[in-house]
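K.L.:
below: sequence and its predicted model.
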Amino acid sequence: MKFKLKKSSPKMAIFMLTGIFIIILFSYDLYDYIETNEFVYEYPGDWDKPIGILVGLFLIIRSLKFIPESKSLFIEISGSHLIYRTKRSDSIRKTALSDIEKVQEKDAKIILITKDLTELIIIDFNKVRVRDNVQKSIKKSLIELN
């Protein structure tokens, strides 16, 4: 059973492709202009081409901001493991179902207690917005692991 909390964000791809398109467009326009004028370019005049190239570079650099948003948030219960990522900054965590001692619910948090008495917060519903029916389904599925 797999629950998707948030899908990955397509913003990074949109910014990156727009930046690349703008750079190619203005670079070709600048090359064509310089070639027709025998590679003589007067800078006090036409600034739109170099500025367009700089805007494209800005968009490519700005697209790197969206890398953390490209990670999807999910909880997956397979036959032998509980696999989840509920924070964008975390990596994918994997816990064997045989290592799970108890699953508790406290203050809109699902807490997993392993056999070595380690407490892991699986999900905090105060920090992740999920529809109520999905939230109830996640709670039910995780508590059934007891």
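P.N.:
On my side now, so go ahead.

K.L.:
ok, then the element right after the lowest-mean-pLDDT helix or strand in the chain?
P.N.:
Lowest on mean pLDDT, DSSP states H and E among the helices and strands of the chain sits strand 2-6, with a mean of 69. Sequence order places helix 11-36 as the next helix or strand after strand 2-6, per DSSP states H and E.

K.L.:
helices or strands up against that following helix?
P.N.:
For helix 11-36, the contact count by 3 or more Cβ pairs under 8 Å, 6 or more residues apart in numbering; DSSP states H and E identifies helix 48-63 as packing neighbours. All C-beta atoms are positioned from the backbone trio N, CA, C, and that covers glycine.

K.L.:
how far does the helix it packs on sit from the chain's center?
P.N.:
23 Å (Cα atoms, centre = their mean, to the nearest Å).

K.L.:
and it, which residues are buried?
P.N.:
The neighbour-count check on helix 48-63 (16 or more other Cβ atoms under 10 Å) flags 49, 52-53, 55-56, 59-60, 63 as buried.

K.L.:
what strands line up against the helix or strand that that helix is followed by, and which way round?
P.N.:
Counting by DSSP H and E, the element after helix 48-63 in chain order, helix or strand, is strand 73-77. In the sheet, strand 73-77 lines up against strand 2-6 (antiparallel), strand 81-85 (antiparallel) (DSSP bridges).

K.L.:
pull out the buried positions in strand 73-77.
P.N.:
73-75, 77.

K.L.:
what's the answer for stretch 87-101, then?
P.N.:
Buried residues in stretch 87-101 (16+ other Cβ under 10 Å): 95, 100.

K.L.:
stretch 129-136 now?
P.N.:
130, 135.

K.L.:
tell me the mean pLDDT over it?
P.N.:
Mean per-residue pLDDT for stretch 129-136: 79.

K.L.:
ok now that stretch, how far from the chain's centre?
P.N.:
20 Å.

K.L.:
phi and psi next, for Val130.
P.N.:
Here is the backbone geometry of Val130 (degrees, to the nearest 10): phi -140, psi 150.

K.L.:
do I have it right that it meets Ile138?
P.N.:
Yes: judged on Cβ atoms under 8 Å, Val130 makes contact with Ile138 at a distance of 7.2 Å.
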